[in-house]
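**Student:** Got a sequence here, can you model it:
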Amino acid sequence: LEGLMTGDSSKSPITELKLAPLPLSAVEELLLRRVVDDDRVPTLALRLQRESGGNPFFIRQMLLGLREQGVISQGEDGVSRGQLMLDNETLAKAPLPIPTSIREALQARIRPVSETGLVVLRMMAVARQEVSLELLLDSTSMSENTINDVLDGLLDVGLVRERSVGVEEKFELIHLRLRDVLLEETPEELRRSLHCQFGAALERAHRRSVEVVLEQLAHHFEQGQRPAKAVPYLVRAAEKLQNQALIAAALRYLDRALALEPQAREYLILEDAEQRLADLLLRRANALYHLGRWSDAYRQAQEADDYARQLEDARLIARTATELACQSRSIHNLEEARRQLDRALDHGRSVGDLRLQIVPLYELGALYWSQGLLDEARRYFTESLASSEAVNDGRGLALGSNGLGVLAMCSGRSAEARRHFEQAVVICEQHGLVERLAIAQTNLAELCHCMGNFRKGLALADKVISNAREVHHRYGVAVGLRYRALILV
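**Tutor:** The predicted structure is shown next:
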């Protein structure tokens with residue numbers, strides 16, 4: 001066999017062909033030989049391609065495993081193509097089976113690896129991402145010479161691949177199925193320890209840019225059962241997603257944080273624990289509200305407000321009162337909205353924080369506008385805008401510009417209104433404020449409608465609907481559909 005491989009026994013030159021991983025299009029073709037085409041096929045094909053590393057043998061075995069588990073149904077005659085039995089969301093997240101043949105093949109490849117090599121492989125499996133040499137050195141506490149020798153050996157046997165990113169080398173497992181087998185065979189206590197080690201190394205590596213790894217840090221400390229570190233990172237990851245208007249994803253992080261909160265508070269003094277809990281509940285109330293779960297949202301905001309009052313924390317009270325006011329105004333409970341806004345403004349002013357005053361000032365202006373008191377509304381909108389400019393608050397600048405645009409439109413000053421609305425749109429797009437962007441664009445659509453520019457108004461309404469649907473923002477979809485209907489009528 002060795003003679004045939006080298007060409008010595010046959011005396012013929014040997015040409016070595018290196019086969020590239022199957023591309024996504026080829027995996028889709030393989031899948032379509034077994035299932036009827038529908039919108040779920042690309043989802044499953046992408047999972048198969050990623051988790052097999054594009055290896056056709058692995059893909060075939062995984063498809064057999066999916067059929068055995070009933071994820072892919074048999075055709076009526078046992079020969080024709082079957083159906084996918086799970087919905088798109090489940091197909092995107094559910095663990096794919098590891099057929100016995102693949103498991104045994106991977107186990108056979110892992111078996112000869114040294115103990116130090118196994119440590120590195122397990123750390124890569126836990127990492128779930130490409131890792132730099134520096135991260136491996138810090139997380140495993142090995143010497144550079146040892147790590148380099150281990151990596152050379154793992155590269156030689158094809159268990160790890162290397163990629164150059166500028167001057168830095170990145171390493172990862174050859175495919176995701178190998179990760180699954182490694183983690184299944186790693187004792188639970190060791191797996192938790194590895195998560196903590198890698199999380200701590202990642203934290204140190206990004207001490208000045210932690211925002212880019214919030215989700216990873218939350219995952220590693222959660223899996224490592226370090227709730228006091230996991231909860232703050234889960235909340236910060238949710239805040240980042242909320243700022244990007246990815247509300248449903250943010251709520252999932254907040255739910256995970258809430259589930260861990262009772263364990264995390266054991267490591268905190270009571271006051272700190274309740275401040276963090278109030279903040280968590282307030283963020284969750286805001287997420288629930290934007291997802292249309294209004295009753296749950298209001299109850300959660302009241303619960304956060306109860307903690308804020310018990311703590312006598314003026315900043316926190318200003319935030320909870322603002323949230324209660326916005327939610328009350330949305331259901332036309334204007335008296336309660338006014339009471340909460342006055343309360344929010346009083347507490348914001350008591351600590352001299354302009355940022356805490358921006359939204360209450362704007363919302364008071366909106367209340368006066370709804371009552372036809374335009375001069376009072378202008379005063380509050382202008383003060384809100386001035387406060388926003390003083391602290392360079394993007395959300396507040398969008399609010400103030402939008403409010404002044406509404407007043408100009410009501411007064412018949414269409415050019416001024418358009419200028420304010422367009423300024424609000426630009427600010428919202430710059431800061432990723434999808435909710436406020438929807439309001440500014442629908443106001444601009446209404447202005448176009450009033451001026452007889454129906455085509456542009458319809459295009460703006462369609463844009464609002466499309467953007468809002470992309471991030472599951474129900475209020476934006478509803479507002480866009482409302483103005484679309486008005487224009488079409």
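**Student:** The helix or strand containing Ala415 - what's its average pLDDT?
**Tutor:** Element membership for Ala415, per DSSP states H and E: helix 414-431. For helix 414-431, mean pLDDT rounds to 84.
**Student:** hey, where'd the helices end up in the stretch 51-200 of the chain?
**Tutor:** Ranges of helices in the stretch 51-200 of the chain, per DSSP state H, counting those that start in this stretch, are 56-68, 88-93, 100-110, 115-127, 133-140, 144-156, 176-184, 188-205.
**Student:** Ok, the stretch 301-450 of the chain next?
**Tutor:** Using DSSP H, counting those that start in this stretch, helices in the stretch 301-450 of the chain cover 314-330, 334-350, 355-370, 374-391, 394-410, 414-431, 434-450.
**Student:** can you tell which of those is closest to Leu202?
**Tutor:** Taking CB to CB, helix 414-431 is the member of those nearest to Leu202, at 27.6 Å. Quick note: C-beta positions are derived from backbone N, CA and C, even for glycine.
**Student:** low pLDDT regions in the chain?
**Tutor:** Applying pLDDT under 70 to the chain flags residues 1-14, 75-79, 432, 471-473.
**Student:** Now tabulate the helices of the stretch 51-200 of the chain in CSV and tack on distance to Leu254 and mean neighbour count.
**Tutor:** As requested, the helices of the stretch 51-200 of the chain are exported to CSV (distance: least, CB to CB, whole Å; neighbours: other CB atoms under 10 Å):
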stretch, distance to Leu254, mean neighbour count
helix 56-68, 33, 19
helix 88-93, 19, 14
helix 100-110, 37, 16
helix 115-127, 25, 20
helix 133-140, 28, 19
helix 144-156, 38, 15
helix 176-184, 27, 19
helix 188-205, 20, 18
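**Student:** need the helices of the stretch 301-450 of the chain in CSV with mean neighbour count and distance to Val120, can you?
**Tutor:** Shown next, in CSV, are the helices of the stretch 301-450 of the chain (neighbours: other CB atoms under 10 Å; distance: least, CB to CB, whole Å):
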stretch, mean neighbour count, distance to Val120
helix 314-330, 23, 46
helix 334-350, 19, 53
helix 355-370, 23, 47
helix 374-391, 19, 48
helix 394-410, 23, 44
helix 414-431, 19, 42
helix 434-450, 23, 42
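**Student:** closest one to Arg256 among those helices?
**Tutor:** Using CB to CB, the nearest of the helices of the stretch 301-450 of the chain to Arg256 is helix 314-330, at 21.3 Å.
**Student:** hmm, back to that, could the helices of the stretch 301-450 of the chain go into TSV alongside distance to Ile59?
**Tutor:** As requested, the helices of the stretch 301-450 of the chain are exported to TSV (distance: least, CB to CB, whole Å):
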stretch	distance to Ile59
helix 314-330	49
helix 334-350	57
helix 355-370	52
helix 374-391	54
helix 394-410	46
helix 414-431	41
helix 434-450	38
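**Student:** Surely Gly224 and Cys196 touch.
**Tutor:** Yes. Contact criterion CB atoms under 8 Å: Gly224 and Cys196 qualify, at 3.7 Å.
**Student:** before we move on, back to that, chain center to the helix holding Ala415: distance?
**Tutor:** 27 Å (CA atoms, centre = their mean, to the nearest Å).
**Student:** Glu363: what's its closest spatial neighbour, skipping adjacent residues?
**Tutor:** Using CB to CB, 6 or more residues apart in numbering and skipping the chain neighbours, the partner closest in space to Glu363 is Leu341 (5.4 Å).
**Student:** need the contact list for that neighbour.
**Tutor:** Going by CB atoms under 8 Å, 6 or more residues apart in numbering, Leu341 touches Ala321, Thr322, Ala325, Pro360, Glu363, Leu364, Leu367.
**Student:** For Thr322, see how far away it is.
**Tutor:** Distance of Leu341 to Thr322, computed by CB to CB, to the nearest Å: 7 Å.
**Student:** what residues are shared contacts of those two?
**Tutor:** Counting by CB under 8 Å, 6+ apart, the residues touching both Leu341 and Thr322 are Pro360, Glu363.
**Student:** From what I see, Pro227 and Leu258 are in contact.
**Tutor:** No. If you go by CB under 8 Å, Pro227 and Leu258 don't touch, sitting 11.4 Å apart.
**Student:** Neighbour count: those two, which is higher?
**Tutor:** Per other CB atoms under 10 Å, whichever of Pro227 and Leu258 has more neighbours is Pro227, with 21 against 17.
**Student:** List the contacts of that one.
**Tutor:** Shown in contact with Pro227 (CB under 8 Å, 6+ apart): Phe221, Leu260, Glu261, Gln263, Ala264, Tyr267.
**Student:** Apply 10 Å and report the result again.
**Tutor:** If you count contacts by CB atoms under 10 Å, 6 or more residues apart in numbering, Pro227 has them with Phe221, Leu234, Ala257, Ala259, Leu260, Glu261, Pro262, Gln263, Ala264, Arg265, Glu266, Tyr267.
**Student:** for Glu446, same thing?
**Tutor:** By CB under 10 Å, 6+ apart, the neighbours of Glu446 are Val406, Met409, Ala417, Phe421, Gly457, Leu460, Ala461, Arg482, Tyr483, Leu486, Ile487.
**Student:** remind me, longest helix of the chain?
**Tutor:** As assigned by DSSP state H, the longest helix anywhere in the chain is helix 270-290.
**Student:** I'd like to know how far the closest residue to Arg395 other than its chain neighbours sits from Ala440.
**Tutor:** Closest residue to Arg395 apart from its sequence neighbours, by CB to CB, 6+ apart: Leu433 at 5.7 Å. With distances taken as CB to CB, Leu433 is found 9 Å from Ala440.
**Student:** if I pick Gln300, what's in contact with it?
**Tutor:** 254, 258, 280-289, 293, 323, 327.
**Student:** Could you name the specific helix or strand carrying it?
**Tutor:** helix 294-311.
**Student:** No further questions, thank you.
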